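S.K.: Quick one, structure for this:
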Amino acid sequence: MNNFNEVLGKMTDFLKSEAKTETIIGQQFKLGEFTCVPVMSVGLGFGGGGGEGKGNAKNAGEGEGAGTGIGAGMGMGPVGFLVTKGDEIQFLPARSTKGLSAVFEKVPELIDKYLQQKNSGKAGVPV
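M.R.: The predicted model follows:
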């Protein structure tokens, strides 16, 4: 069991050093006069187990056994977008009552506004 405790300790230390934040702010991108910044959440998890046992004469072999196992996982998911236009800042959540589709419903509106301004000669250069 001592080996299991060492492995579990090392895994815990590794996860603590890697899990410095729970939220990631992505790289901004421009859509006309709108600046969008994606916001993601990050989760780390791990589990492990171990056991020891002694063989029995009724079993195929007589010996002692020990085993340990450990696993880790990481997940990322969208939280939403920070959208700015001039002095206005708005957060568009990815999970509203309609789910992620609520964010994407606003994209056509943003594109229409951009195209209207581009056609009128007032649009900025997209990045």
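S.K.: residues touching the closest residue to Gln28 other than its chain neighbours, list them.
M.R.: What sits nearest to Gln28 in space, not counting adjacent residues and going by C-beta to C-beta, 6 or more residues apart in numbering, is Val37, at 4.6 Å. Every residue, glycine included, has its C-beta placed from N, CA and C. If you count contacts by C-beta atoms under 8 Å, 6 or more residues apart in numbering, Val37 has them with 25-28, 81-84.
S.K.: And Phe91, by the same measure?
M.R.: So Phe91 contacts 39, 80-83 (C-beta under 8 Å, 6+ apart).
S.K.: let's see 10 Å
M.R.: Counting by C-beta atoms under 10 Å, 6 or more residues apart in numbering, Phe91 touches 37, 39, 79-83.
S.K.: before we move on, back to that, quick check: the gap between the residue nearest to Gln28 and Gly67.
M.R.: 47 Å (C-beta to C-beta, to the nearest Å).
S.K.: where does this structure dip in pLDDT?
M.R.: 1-4, 8, 15-16, 18-23, 55-63, 96-105, 122-127 (pLDDT under 70).
S.K.: Okay, strands next: where are they in it?
M.R.: 23-25, 29-31, 34-54, 64-85, 88-93 (DSSP state E).
S.K.: Of the ones you listed, which is nearest Phe14?
M.R.: Shortest distance between Phe14 and the strands of the chain, using C-beta to C-beta, is found for strand 64-85: 8.1 Å.
S.K.: Tell me who's in contact with the residue most central in space within the chain.
M.R.: The C-alpha lying nearest the average C-alpha coordinate of the chain belongs to Met76 (C-alpha atoms, centre = their mean; 1.7 Å). Listed by C-beta under 10 Å, 6+ apart, the contact set of Met76 reads 24, 40-43.
S.K.: how about CSV for the residues you listed, with distance to Pro108 and neighbour count added?
M.R.: As requested, those are exported to CSV (distance: C-beta to C-beta, whole Å; neighbours: other C-beta atoms under 10 Å):
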residue, distance to Pro108, neighbour count
Ile24, 27, 12
Met40, 23, 15
Ser41, 26, 15
Val42, 30, 15
Gly43, 32, 11
